[in-house]
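Asks: dropping the sequence and predicted coords here.
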Amino acid sequence: MSHPFCSGVINKKDNISLVWAAFWIVNILLTGGGYYPFYFGGISLVMILAVLFFSKGNWKHVFLRTLYAFLLTVGLAAVMLVPMIDGFRLINREGGLDVDQKGSQPISYALLNYVISTPEWFDTSILGTTGGWNWFYIGSLSLAGWIFLPMAVKNRRSKNTTLTLIAITLFLLLWVANKYTFFNGLYEFIPILKSLRFPNRLLVLAVIPILIISGLSWQSTFVKLKRATRKMSMGLRSSSPKLTINIRFATLLSIFFLLFTWISVQDVYQINKGFSFAPRPLDQNASETLVWLKNYDDSIYYTWIGEFGPYWNWLPAAYQNELPVINFVYSQKLNDRNRQYDASSPFNAQPKYQVVSMAVPAPEGSVLVHANSGAGIYLYPDSLPFSFSTTTQNIESLTLLNNKNVSGVPAKFDGPNRIVAQAASSKEEETLVILVSDYPGWKVFVDGKEGQYRPVNGYLSTPLKLGNHSYMFVFDPMSHKIGLTISLISIIFSIALVLSDITKKLIEKSAPVVEQIAG
């Protein structure tokens, strides 16, 4: 029998399976998680090596099909990949490297995560980590299936698949234990791998092959037992022939397996539901406090939630009320940001309000404007407006800007990629500034016509015209257009490939009928 992975995609000659393979890989890439697509690349390498091993010398075809699937995947995902690759030159990572790989565990320890049914295990630190996804209870049935692993290996139809899945499982577990396996040498050789700071997250991926192997093992065992007992039955006799019942052992076996599966599913669900499906309501104090702030000042401004790092349980309420949190920086920053906050910088974006516990001293230079359940809202009177105008001379001479030499300009977000400001200027040589970091792709339109876009100190900016005008800044990067074009072409090409297969099959089915009519 051919390898199921091969027969599904690699060894076939049709187009539909190729398109489906690319489609599902793109779905993984578009999930947005930085780690998991990278891990998937390692898994794909193991699968390709397995396909080559089981290909019986048909390496050229395997290589070409793999290449076609890769190119089609890149084409479909280009709308994300092109802007992302272009962005690497514009950002720097501040998350740091996890040199010690704190989440790494010996394989024997890592496997404990699958068998312990105590929810408190999620936050345990006895294996060297706290949190970071330490707990993955998958139930007794999923593990008991491995007892019957030889059944799946002996089965001609599932042998190659089972062996490949075993290789993937071992690969992932060795990666989880990278401090204790040959992966450590790979990490030393490629230091960027140490930016993958949570190796125990690989246990999430390892669940997949573990469950599939268990399923194949149970299935092979069930089929074997069913065949062995197909002629056996059990009768319940009575004095009346009408009440005599014959029950086949195969039927009893099916009922037993279904019941066992149901009990196991219920067990896993009951253990995990408190964690996996726990409600996450908005923090009531956060919601009430930030709703007050939104009603108090409905303009656009930056907020600082917390003392240093953000109050994480406040973030959902902040974003629900469309209050940008300026101290929420997730591991990567634009290179321009360093210049913006340099000591010699003439201005930068600062919070207008800070929310902080009343138990700590009031932030310097702030004024308390509201208090609610131990949380205080402090106003910074000297912070620059989100959108303002000032003289071009101030901009060009790098004058230190403050509330005294700028004028606030009303502005609003018109969707995620547009900012609209209404500015009036009675004199020449004035500049409009929006405190949003400049990123390649911003344009400005004045009264609907493209204007002169001139970023200042890494922020959006344009010269003001005399009179009252509407200024709309639009984010429309070329990298997105290029990626979108490639993806659309790839979608059309994929549809054409599928239609060609369907057409071919219809022609093949209709050929005998045509020949019969012609004859």
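Replies: Noted; the coordinates are in hand. Residues are numbered from 1 along each chain as shown.

Asks: can you give me the neighbour number for residue 89?
Replies: When neighbours are counted by other CB atoms under 10 Å, residue 89 registers 8. In this view, the C-beta of every residue, glycine as well, is placed from N, C-alpha and C.

Asks: for it, which three-state class applies?
Replies: Per DSSP: H, G, I helix; E, B strand; the rest coil, the local secondary structure of residue 89 is helix.

Asks: spit out the contact partners of it.
Replies: By CB atoms under 8 Å, 6 or more residues apart in numbering, no residues touch residue 89.

Asks: strands of the stretch 401-519 of the chain, start to end?
Replies: 407-408, 411-413, 418-425, 430-437, 442-446, 449-450, 459-463, 467-475 (DSSP state E, counting those that start in this stretch).

Asks: what's in contact with the fourth one?
Replies: Residues lying outside strand 430-437 but in contact with it, judged by CB under 8 Å, 6+ apart, are 302, 334, 336-337, 340, 347-349, 384-392, 395, 406, 409, 411, 419, 421, 423, 454, 456, 458-464, 471, 473.

Asks: and the longest helix anywhere in the chain, what other elements does it pack with?
Replies: Using DSSP state H, we find that the single longest helix of the chain is helix 478-518. Under the contact criterion of 3 or more CB pairs under 8 Å, 6 or more residues apart in numbering; DSSP states H and E, helix 478-518 touches helix 16-29, helix 59-76, helix 78-87.

Asks: the first one vs helix 59-76, what angle?
Replies: For helix 16-29 against helix 59-76, the angle between stretch directions is 50 degrees (axes from the mean of the first three to the mean of the last three CA atoms, to 10 degrees).

Asks: now do the last one
Replies: If you take the same axes, to 10 degrees, helix 78-87 sits at 80 degrees to helix 59-76.

Asks: mind listing what's buried in helix 78-87?
Replies: Under the neighbour-count criterion of 16 or more other CB atoms under 10 Å, helix 78-87 has 78, 79, 80, 81, 82, 83, 86 buried.

Asks: shaky segments in the stretch 401-519 of the chain?
Replies: Applying pLDDT under 70 to the stretch 401-519 of the chain flags residues 511, 513-516, 518-519.

Asks: ok, now the chain?
Replies: Across the chain (using pLDDT under 70), the flagged ranges come out as 1-11, 32-33, 122-135, 233-247, 278, 511, 513-516, 518-519.

Asks: how does it divide into domains?
Replies: For the chain, automatic domain parsing gives the domain ranges 1-93+477-519, 105-155+164-177+196-278, 284-379, 387-476.

Asks: can you put these in CSV and add distance to residue 183?
Replies: As requested, these are arranged in CSV below (distance: least, CB to CB, whole Å):
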stretch, distance to residue 183
domain 1-93+477-519, 10
domain 105-155+164-177+196-278, 6
domain 284-379, 23
domain 387-476, 36
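
Asks: in this structure residue 451 contacts residue 462, no?
Replies: Yes. Between residue 451 and residue 462 there is a contact at 5.6 Å, judged by CB atoms under 8 Å.

Asks: between the two, what contacts are shared?
Replies: 444, 471.

Asks: sorry, back to before: redo the helices and strands packed on helix 478-518 as a markdown table? Include distance to residue 49.
Replies: Formatted as a markdown table, the helices and strands packed on helix 478-518 follow (distance: least, CB to CB, whole Å):
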| stretch | distance to residue 49 |
| --- | --- |
| helix 16-29 | 17 |
| helix 59-76 | 10 |
| helix 78-87 | 24 |
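
Asks: separation between residue 43 and residue 28?
Replies: Between residue 43 and residue 28 the distance is 10 Å, computed by CB to CB, to the nearest Å.

Asks: ok, these two, which is more surrounded?
Replies: More crowded of residue 43 and residue 28, by other CB under 10 Å: residue 43, with 21 against 16.

Asks: can you pull the contacts of the more buried one?
Replies: So residue 43 contacts 168, 171, 172, 205 (CB under 8 Å, 6+ apart).

Asks: in helices, which of these appear?
Replies: Counting by DSSP H, those contribute 168, 171, 172, 205 to helices.

Asks: and the two most separated of these?
Replies: The span of the ones in helices among the contacts of residue 43, defined through CB to CB, is set by 171 and 205 at 9.9 Å.

Asks: sorry, back to before: which stretch among the helices and strands packed on helix 478-518 comes nearest residue 322?
Replies: helix 78-87 (24.2 Å).

Asks: burial measure for residue 56, as a count.
Replies: With other CB under 10 Å as criterion, residue 56 counts 10.

Asks: follow-up on the earlier one: now render the ones in helices among the contacts of residue 43 as TSV, adding neighbour count and distance to residue 182.
Replies: Shown next, in TSV, are the ones in helices among the contacts of residue 43 (neighbours: other CB atoms under 10 Å; distance: CB to CB, whole Å):
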residue	neighbour count	distance to residue 182
168	23	17
171	20	11
172	24	14
205	21	19
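
Asks: mind putting those into JSON lines with distance to residue 443?
Replies: Below are the ones in helices among the contacts of residue 43 laid out as JSON lines (distance: CB to CB, whole Å):
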{"residue": "168", "distance to residue 443": "47"}
{"residue": "171", "distance to residue 443": "47"}
{"residue": "172", "distance to residue 443": "45"}
{"residue": "205", "distance to residue 443": "41"}
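
Asks: ok so, going back, which one of the strands of the stretch 401-519 of the chain is the most hemmed in?
Replies: Greatest average neighbour count among the strands of the stretch 401-519 of the chain goes to strand 430-437 (a mean of 23), per mean count of other CB atoms under 10 Å.

Asks: that one pairs with which strands, and in what direction?
Replies: Sheet pairing of strand 430-437 (DSSP bridges) gives strand 387-391 (antiparallel), strand 459-463 (antiparallel).

Asks: can I assume residue 411 is in contact with residue 387?
Replies: Yes. Judged on CB under 8 Å, residue 411 makes contact with residue 387 at a distance of 3.6 Å.

Asks: the helix or strand encompassing residue 295: what's the following helix or strand?
Replies: For residue 295, the host element (DSSP states H and E) is helix 284-296. Next helix or strand after helix 284-296 toward the C-terminus (DSSP H and E): strand 303-305.

Asks: that next one - contacts with which helices or strands?
Replies: Under the contact rule (3+ CB pairs under 8 Å, 6+ apart), strand 303-305 is packed against helix 315-320, strand 353-357.

Asks: next one: residue 419 from residue 436, what distance?
Replies: Relative to residue 436, residue 419 is positioned 7 Å away (CB to CB).

Asks: picking up where we left off before, out of the helices and strands packed on strand 303-305, which one sits most buried?
Replies: strand 353-357 (a mean of 20).

Asks: neighbouring strands of that one in the sheet, and parallel or not?
Replies: strand 303-305 (parallel), strand 375-379 (antiparallel).

Asks: deepest of the ones you listed, which one?
Replies: strand 303-305 (a mean of 24).

Asks: chain center to the host helix or strand of residue 217, what's the gap?
Replies: Using DSSP H and E, residue 217 sits in helix 202-228. The chain centre lies 28 Å from the centre of helix 202-228; the measure is CA atoms, centre = their mean, to the nearest Å.

Asks: now do stretch 62-81
Replies: Here stretch 62-81 is found 20 Å from its chain centre; the criterion is CA atoms, centre = their mean.

Asks: which other residues reach that stretch?
Replies: Contacts of stretch 62-81 (CB under 8 Å, 6+ apart): 6, 9-12, 18-19, 21-23, 25-26, 29-30, 48, 51-52, 55, 480, 482-484, 486-487, 489-491, 493-494.

Asks: rewinding a little: between residue 419 and residue 436, which contacts overlap?
Replies: Joint contacts of residue 419 and residue 436 (CB under 8 Å, 6+ apart) are 460, 473.
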